[in-house]
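Enquirer: What follows is a predicted protein model with its sequence.
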Amino acid sequence: MKRVILAMWIGLCACGGPQTPVETVVGGEQSAPEPMAPEHAVEAIWMGPTATCIKRDGKIHCSGTNSSAKFHTSARSTETMTESDIFTQEIIDMSVSSSSACALHPGGTVQCAGSILWGRRGDGCRFGNNAEVICNDQTVDRTELKPISRVTPLPLTQQIEGSVDATCALTQDGEVFCWGSNIDGELGVEGQDFSTRPLKIAVPKARRLYAGHHHFCALSLSNQVWCWGTHRIDEADNPYERAVLPKQFTSIGEPKSADDVIVTSSGVCVTSGQLTRCVGEFALDETPPVVTENPLVFKGVSDIVTGMDHTCVLSNSGAASCYSSWPHLAGIPTNDANFGSQWREVVLPYKTRVARLVAQRYGTCAVSELGEVACWGARAEVFGIPPVDDEGTVPAPTLMMD
């Protein structure tokens, strides 16, 4: 049986010299893809801190906490995938934050729904000191707020990404604009806590945009990586550096350009060739997640996701593996009291190769090349999957169904 090897250089000692790789088998031989996509295949998936939205049959369905009516006008929360009555127009990209959600339309315009706290809609509206609604510096009646509004002024856009409390857009000209909370430096500017309108970020023109929980990164046209927000992007004494102003990512060593970027909830990974170098928080050695002192180096992986107490990777062969001290976060259905932290391959309920992973704090979903989605972890309502116990856990990967 062909095996895929993941090599990690954790480098926590100060002894100098070359670091010894620890090799762990993270994937096996995969079956050939099914020739036909399943009925009602998922066309796209967007996962936020407390909710997940999918695009299926051209329509948006969401599950989880519907705080501030970010995806449905009436439901406070949903435990199954429910068709959105807010995002009813054609959508080509989406972002889901803690209490807001935004959609990119084919023409390049962006609309947002949900809370106006800290200007999360990007439409000029916010709450005042006494919870009054203020739009364009004028107090207005709450009844004047529509369920969804356009983000302005914003050039035509090609991609949007959301952190917990902010949203950024990559325009068709390669510029980056952000709006919402700046408490953790998500807007890349100094001297203000939020913005109700898009602010241009001082980074080179970019080809791709990425978001973590409280930080953003952009891959420039020259393949440089620039990041801003709260995360670990260099060797500063404070591992949770608040990089208010965007700065070039420099912690990966050589090479100085990237083939791809992977941004996890609290980390940044840069891929060049077969190696992916990561810094930030990764649940690999202890709970809570460790903050790496030197870059982790993964070999032969195409995707990496992290949560509160788990790290999952996708090998180049299409196999998913997870590391956690909790069986349900590792996707392993067991009551073994001696379940220990180690890399384990996740057995999925479909035979198709995995195309990508998505995750939030309490769980992970694996999306196949044919649009099948299997999820595992806690808080099953976020995935729209029935839980198996009163604590809402999904111990084994379960298909996301209608």
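Expert: That came through fine.
Enquirer: now this protein, which segments are flagged as low pLDDT?
Expert: Applying pLDDT under 70 to the chain flags the ranges 1-37, 40, 231-243, 250-257, 285-294, 337, 402.
Enquirer: For Ser68, the count of nearby residues, please.
Expert: By the criterion of other CB atoms under 10 Å, Ser68 has 17 neighbours. Placement of C-beta: from N, CA and C, glycine included.
Enquirer: Tell me how far it lies from Trp118.
Expert: Relative to Trp118, Ser68 is positioned 12 Å away (CB to CB, to the nearest Å).
Enquirer: Same check on Ser317?
Expert: Applying CB to CB to Ser317 and Trp118 gives a distance of 43 Å.
Enquirer: quick one: which of those two has more around it?
Expert: Neighbours were counted for Ser317 and for Trp118 using other CB under 10 Å; Trp118 has more, 22 against 18.
Enquirer: helix/strand/coil for that one?
Expert: When classified by DSSP: H, G, I helix; E, B strand; the rest coil, Trp118 comes out as helix.
Enquirer: Verify the contact between it and Leu187 for me.
Expert: No - here Trp118 does not reach Leu187: they are 10.0 Å apart, not a contact under CB atoms under 8 Å.
Enquirer: which residues are in contact with both of the two?
Expert: 166, 180-181, 194 (CB atoms under 8 Å, 6 or more residues apart in numbering).
Enquirer: Please name the bridge partners of Thr52.
Expert: With DSSP bridges applied, the residues forming beta bridges to Thr52 are Met47, Ser63.
Enquirer: measure it to Leu284 for me?
Expert: Taking CB to CB, one finds Thr52 at 25 Å from Leu284.
Enquirer: Tabulate the shared contacts of Trp118 and Leu187 (CSV), appending neighbour count.
Expert: Listed next are the shared contacts of Trp118 and Leu187 as CSV, based on neighbours: other CB atoms under 10 Å:
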residue, neighbour count
Ala166, 32
Gly180, 30
Ser181, 24
Phe194, 18
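Enquirer: Closest to Thr271 out of these?
Expert: Checking the shared contacts of Trp118 and Leu187 against Thr271 with CB to CB, the nearest one is Ala166 at 25.2 Å.
Enquirer: List the contacts of the closest one.
Expert: Per CB under 8 Å, 6+ apart, neighbours of Ala166: 97, 118, 120, 178-182, 186-187, 216.
Enquirer: Restricted to strands, list those.
Expert: Among these, DSSP state E puts 178-181, 216 in strands.
Enquirer: Need the residues you listed in TSV (columns: distance to Thr73).
Expert: Shown next, in TSV, are these (distance: CB to CB, whole Å):
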residue	distance to Thr73
Cys178	27
Trp179	22
Gly180	21
Ser181	24
Phe216	29
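Enquirer: tell me which of the residues you listed is nearest to Gly273?
Expert: Closest to Gly273, out of all of the ones in strands among the contacts of Ala166 and judged by CB to CB, is Phe216, at 25.0 Å.
Enquirer: Quick check: closest non-adjacent residue to the closest one.
Expert: Cys168 (5.2 Å; CB to CB, 6 or more residues apart in numbering).
Enquirer: quick one: the one you found is in a strand?
Expert: Yes - the assignment for Cys168 by three-state DSSP puts it in a strand.
Enquirer: Report the contact partners of it.
Expert: 160-162, 176-178, 186, 201, 209, 211, 216.
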